[in-house]
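Trainee: Got a sequence here, can you model it:
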Amino acid sequence: MSLPLPARRPRVRLLRRLTVLFSAAALSSAGLLATAGTAHADAIIQIAGPAGSVPANTAYTYTVTVADTSAQGGHGFVSIDLSGAAATFTGATTTNSLMSCSTSGTHAECDPTADPGTGAFTVTTTVLPTAAGTVTANADLQAMPDNTDSTTTTITPAGPVFTFTGFFQPVDNPPTVNTMKAGRAVPVKFSLSGNQGLNIFATGYPVSQNVTCNTGAPLDPVEETTGAGQSSLTYDTATDTYTYVWKTDSAWKNTCRTFDLKLNDNSDHYAGFKFN
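Mentor: Numbers count the residues shown, from 1 in each chain. Prediction:
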């Protein structure tokens, strides 16, 4: 008894598949077949913002990085748009000398002034948020489909804004340099136009930093010092005066330092000291 011949259909399907693949390759090489680009080409353009949240009315930056586009045949202009919580661009710059940047409200753009080439470059923008919420920034490399990237920034409510007056005696304000014995404590007095509580300093402040002594600066001895064991803050309702007792270090003898009283409204207030 003779056996039936094996089916030939798989071979026919294989031949058809090879024909289709060959035809697609031929059309693509001839420029007659459009192929889909990368759905999310984040390797071409990336945008990065602050690592954490930002208080309202505090400026921050976005950095847009554009990779080398030699394989794509060059790049067009870069646009960045903001949406969400109220925020506007206040400036934009680029490392590409053949491009010029401009801003208008929630839109920033860097346009070629000549052939921008294909090399990598960055765009840095400054943003000022004016309300709490979430700001979304979307960066787009024009003339290249699907070359976009986005990031979000959380904007927290604005902190307090203090009306600072000071420093009062015994501390003199710049340019006068206060002279005192190292290791003693000095009462640093100021007003914030009312009792604002004792949680008024920025995190980690007040601080002091070693600086080169300015031999030409006017000097004035600190008339009042104490032997306090550690620094402390108090408020006197009767005189509307805050007093921060600053304990200095005996190791600061024969050096000069700048005292920085930074409040949690991000304002800095300085005084200079020379220790003997």
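Trainee: Show the contacting residues for Ser83.
Mentor: With contact taken as CB atoms under 8 Å, 6 or more residues apart in numbering, Ser83 is in contact with Thr106, Val135, Thr136, Asn138. Heads up, the C-betas are built off the backbone N, CA and C, glycines and all.
Trainee: in what helix or strand does it lie?
Mentor: Using DSSP states H and E, Ser83 maps to strand 78-84.
Trainee: next structured bit after that strand?
Mentor: strand 87-94.
Trainee: tilt between that next one and strand 78-84?
Mentor: Counting by axes from the mean of the first three to the mean of the last three CA atoms, to 10 degrees, strand 87-94 lies at 160 degrees to strand 78-84.
Trainee: Which strands or helices does strand 87-94 pack on?
Mentor: Applying 3 or more CB pairs under 8 Å, 6 or more residues apart in numbering; DSSP states H and E, one finds that strand 87-94 contacts strand 78-84, strand 99-104, strand 107-112, strand 121-129.
Trainee: want to try JSON lines for those, with distance to Thr226 as columns?
Mentor: Compiled in JSON lines, the helices and strands packed on strand 87-94 are given as follows (distance: least, CB to CB, whole Å):
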{"stretch": "strand 78-84", "distance to Thr226": "52"}
{"stretch": "strand 99-104", "distance to Thr226": "52"}
{"stretch": "strand 107-112", "distance to Thr226": "54"}
{"stretch": "strand 121-129", "distance to Thr226": "43"}
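Trainee: who wins for proximity to Asp260 among these?
Mentor: Minimum separation from Asp260 across the helices and strands packed on strand 87-94 (CB to CB) falls at strand 121-129, 24.3 Å.
Trainee: mean confidence for that closest one?
Mentor: Mean pLDDT, computed over strand 121-129, is 97.
Trainee: what do you get for stretch 91-110?
Mentor: On average, stretch 91-110 scores 96.
Trainee: For it, report the contacting residues that lie outside it.
Mentor: Contacts of stretch 91-110 (CB under 8 Å, 6+ apart): 77-83, 87-90, 111-117, 119, 121-126.
Trainee: Return the members of those residues classed as buried.
Mentor: Among the contacts of stretch 91-110, the ones that count as buried by 16 or more other CB atoms under 10 Å are 77-82, 87-89, 112, 116-117, 121, 123, 125-126.
Trainee: Identify the farthest-apart pair in the residues you listed.
Mentor: Largest pairwise distance in these, by CB to CB, is 31.6 Å, between Ala87 and Gly117.
Trainee: Can you give me the buried ones in stretch 184-197?
Mentor: In stretch 184-197, counting by 16+ other CB under 10 Å, buried: Arg184, Ala185, Val186, Pro187, Val188, Lys189, Phe190, Ser191, Leu192, Gln196.
Trainee: Surely the third one is in a strand?
Mentor: Same thing as Val186. Yes. Using DSSP: H, G, I helix; E, B strand; the rest coil, the assignment for Val186 is a strand.
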